[in-house]
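S.K.: when you get a sec, could you give me coordinates for this:
(one chain, ligands or ions: 3)
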Amino acid sequence: MAAQAAGEQELTDGFHLVIEALKLNGINTIYGVPGIPITDLGRMAQAAGMRVISFRHEQNAGNAAAIAGFLTRKPGICLTVSAPGFLNGLTALANATTNCFPMILISGSSEREIVDLQQGDYEEMDQLAVARPLCKAAFRVLHAADIGIGVARAMRAALSGRPGGVYLDLPAKLFAQVLNAETGAGSLVKVVDPAPAQIPAPAAVKRALDVLRSARRPLIILGKGAAYAQADAAIRAFVEKSGAPFLPMSMAKGLLPDTHPQCAGAARSTVLRDCDVVMLIGARLNWLLSHGKGKTWGEPHAKRFIQIDIEPKEMDSNVEIAAPLVGDIGSCVAALLDGMEGKWPASPADWSEAVRTKREENIAKMAPRLMKNSAPMDFHGALGALRTVIKSRPDTILVNEGANTLDLARGIIDMYQPRKRLDVGTWGVMGIGMGYAIAAAIETGNPVLAVVGDSAFGFSGMEVETICRYQLPVCVVVFNNNGIYRGTDVNAAGGTDPATTVFVKDARYDRIAEAFGGAGGHATTPDELARAVNKAIELRRPTLINAVIDPAAGSESGRIGNLNPQSVLKKRQ
Ligand code: ADP
Ligand code: TZD
Ligand code: MG
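M.R.: Residues are numbered from 1 along each chain as shown. Ligands and ions are numbered 1, 2, ... in the order given. Sure thing, here's the model as predicted:
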C-alpha cells in the first residue's frame, strides 16, 4: 500500500484506501470526470496502475461504466464531482438499474455539517437522498476506516441477485483522513463470491419442463439477462435440445447466431401470435414484449408462460406465470438440461416448419431492399451494407441508438456472437452511444461500430474527442437524415424558425472527428459506406463517418409510433 512516513508510523489516507479497496476487488478501470474533491483520486488511481478514462460529461462516463458492468460482470465504476457532476451521472445510474447492469457511481460530496444545515457549501446537495430512489442501494462513508466495508457493500449490492446501480457517497473530508497504514490495510474487504449462484428448486425445474414438454408450439425468448449471465454454451445446448424456435431480444442477439436454423427473429410477429407456451430466459414482459398481452400475442389466448429470472418479484408482473423458475440463469439452464436427459420430444415438426417457412419468406422479401445501392441512401440500403461488414467481422461490437436507425438496424443486422450488440435497452434512452462505444473498446479490445442517428449522436457527440484522445478502435457512423425521424418537417406556423424535429441540413458530422485528429468519412452510397467502415475497423482508427440518408425515408418514432399520444384537435389547427 502506498503510504507516507510520519515519524515512526506508516500512514495511509482515504484516497489510498479507496483505490486499494477497488483494486483488491478486481476493479482496474474508472470512468469519470475530474474536479473537486476527486481530482487527486483520479490522478492517484492512474499512478497506482488503474485505467482512468476521463470523459467530457459524466452521463457518458456513467453509461460507459454501466455497459462495462454488463460486459464483464464486474460493477463498472463512474467517478464524479459533487452536486452537478453527480446529477449528470445519475441518469446513467438510473438507466443501469433499469437495465439490470451492475454499476457503482462514486461521487465526492460537500461537508455534511454544512449540507445538513443548508448553509450553502460549494456544490451543496444531499446526494445520498437524491440517489436513493434511483438505484438498488446507496451508501455513505464518513470514516476512512469504513472505506473497505463501504466498497464491499457497494460491490455486493451491485452484483448479487438482480444486478443494478449503486451509489457510494464519499464526502471531501474523507479523502484526507489519515490512518495507521496497518489498520487501513486490515480494514479492507475482499468480497468473496459477490454474485452467488442461486440454485432453482427441483420442483420448479420439473414444473417448467412439464409445461415445456406439453407445448405444441413452444417459443423461447432470450433477453439481455441471458446475455449477461455468460452461460452461453449451456443456453445453446438447451435451446438446441428443446428444438423450439427462439427469439432474441435485441441485446441477446448473437447468443445463438441470428442465422441459426431455430432463430425466429425474422418471423417475430408470427411466433408471438401463434405460440402456445413461452419460455422467457432473462427477459421481462415489459413494453418491449407488449406486456405479454393484446394483439401482438394473438389475444384472446391461452398461452402459458415459463419464466427464468433471478428476481422472484418479476414473476406475474404482467401476466400469470405458469412455471416460475427463480434462480441464476446458469444454474437454471443447467438444471433444465439435467432434467431433459434421455429422449426429449423436440418441438413438433409442423410448428418448426411453419416458423422456418415464414422466416425464409420474410428474409426473401427484405433482401432486394438491402441491396439497393442508391444515393441518397435509405435506411435499408445503408444497413444492408453494414450487415455485410458485421458478417465478415463478427467480433465487432455494434452499438446502436436512434429511432429508425435503431429499429431497422435491430432487424437487419445479424449478430453472430454473444454480447456484441449494445443498444438503448429498456428505457429507449438516447445518449448511450459514445459512452457504450468507449467502454466496449476499453473492456474488450474488440473493434466497435457505433451506428447512431444524427439526433441520438448529439446527446454524447463530444466524446468523439475522448475516442480520439485514447486512440480507441471505434468507428462511429452517423445516419444523417437531417433530423429526428425525418429531416423534412416544416414549421406549421410558417415562421423562420425551423420545425422542432429538424437540424441543420446536410451537416458534416465527419469533421468533428477530424477536429480531434481522428479520421472523417463521408458516404453517400452503401458501397462507399461499407468501404469506409471496413477500412476504419481494419486500421483500428478512431473514425466518424457521415452517412447521408434520404431525409424523407424515416417514419415517426421508428417502429414505435403507436406510443405517441394523438391530439383529437390536431386536424382542426
Ligand atoms: P430484455 O430487455 O433483453 O428483454 P430485460 O432487461 O427486460 O431483458 O430482462 C433481463 C432480466 O434478466 C431481468 O429481469 C433480470 O432480473 C434478469 N437477470 C439478469 N441477470 C440474471 C442472471 N444472472 N440470472 C437470472 N436472471 C437474470
Ligand atoms: N431524450 C432521451 C434522453 N431519450 C429519448 N428517447 C428521447 C429524448 C426521444 N427520442 C427518441 O425516442 S428517438 C430520438 C429522440 C430524441 C431521436 C431520433 O432521431 P435520430 O434517429 O436521428 O437519432 P432517426 O434515424 O432519424 O429516426
Ligand atoms: Mg435522424
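S.K.: show me the contacts for residue 351.
M.R.: Going by Cβ atoms under 8 Å, 6 or more residues apart in numbering, residue 351 touches 216-218, 245. Any C-beta I mention is one placed from the backbone N, CA and C, and that applies to glycine too.
S.K.: and it, how close does it get to residue 235?
M.R.: Distance of residue 351 to residue 235, computed by Cβ to Cβ, to the nearest Å: 21 Å.
S.K.: swap in residue 173?
M.R.: In this structure, residue 173 and residue 235 are 48 Å apart, going by Cβ to Cβ.
S.K.: let me have the contacts of residue 351 in TSV, adding secondary structure, pLDDT and neighbour count as columns.
M.R.: Rendered in TSV, the data for the contacts of residue 351 read as follows (DSSP: H, G, I helix; E, B strand; the rest coil; pLDDT from 0 to 100; neighbours: other Cβ atoms under 10 Å):
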residue	secondary structure	pLDDT	neighbour count
216	coil	96	11
217	coil	97	20
218	strand	98	27
245	coil	98	29
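S.K.: in TSV: those residues, plus distance to ligand 3.
M.R.: Written out in TSV, the entries for these read as follows (distance: Cβ to the ion, whole Å):
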residue	distance to ligand 3
216	43
217	38
218	39
245	33
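S.K.: and the closest residue to residue 236 other than its chain neighbours, how many neighbours?
M.R.: Spatial nearest neighbour of residue 236, chain neighbours left out: residue 256 (5.4 Å); criterion: Cβ to Cβ, 6 or more residues apart in numbering. Residue 256 is surrounded by 23 other residues when neighbours are defined as other Cβ atoms under 10 Å.
S.K.: who touches residue 256 in this structure?
M.R.: When contacts are counted by Cβ under 8 Å, 6+ apart, residue 256 touches 222, 235-236, 239, 246, 248, 262-263.
S.K.: if we can go back for a sec, closest to residue 199 out of the contacts of residue 351?
M.R.: Distance to residue 199 across these (Cβ to Cβ) is lowest for residue 218, with 24.3 Å.
S.K.: please report how far the closest residue to that closest one other than its chain neighbours lies from residue 9.
M.R.: Residue nearest to residue 218 in three dimensions, not counting chain neighbours: residue 244, with 4.0 Å by Cβ to Cβ, 6+ apart. Computed as Cβ to Cβ, the residue 244 to residue 9 distance reads 66 Å.
S.K.: these two: which is more packed in?
M.R.: Each of residue 244 and residue 9 has its neighbours counted (other Cβ under 10 Å); residue 244 has more, 28 against 12.
S.K.: how about the secondary structure of the more buried one?
M.R.: On the three-state scheme (DSSP: H, G, I helix; E, B strand; the rest coil), residue 244 is labelled coil.
S.K.: give me the residue from the stretch 251-400 of the chain nearest ligand 3.
M.R.: Nearest residue of the stretch 251-400 of the chain to ligand 3: residue 379, at 9.8 Å (Cβ to the ion).
S.K.: which SSE is the residue nearest to that residue when sequence neighbours are not counted in?
M.R.: If the residues on either side of it in the chain are set aside, residue 379 comes closest to residue 408, at 4.7 Å by Cβ to Cβ, 6+ apart. In the assignment (DSSP states H and E), residue 408 maps to helix 404-412.
S.K.: which element follows that helix toward the C-terminus?
M.R.: Sequence order places strand 421-423 as the next helix or strand after helix 404-412, per DSSP H and E.
S.K.: what helices and strands are in contact with the helix or strand following that following strand?
M.R.: Once strand 421-423 ends, the next helix or strand along the chain (criterion: DSSP H and E) is helix 433-444. Packing contacts for helix 433-444, counted by 3 or more Cβ pairs under 8 Å, 6 or more residues apart in numbering; DSSP states H and E, involve strand 29-32, strand 51-54, helix 58-72, strand 397-401, strand 448-453, helix 454-458, helix 464-469, strand 474-480.
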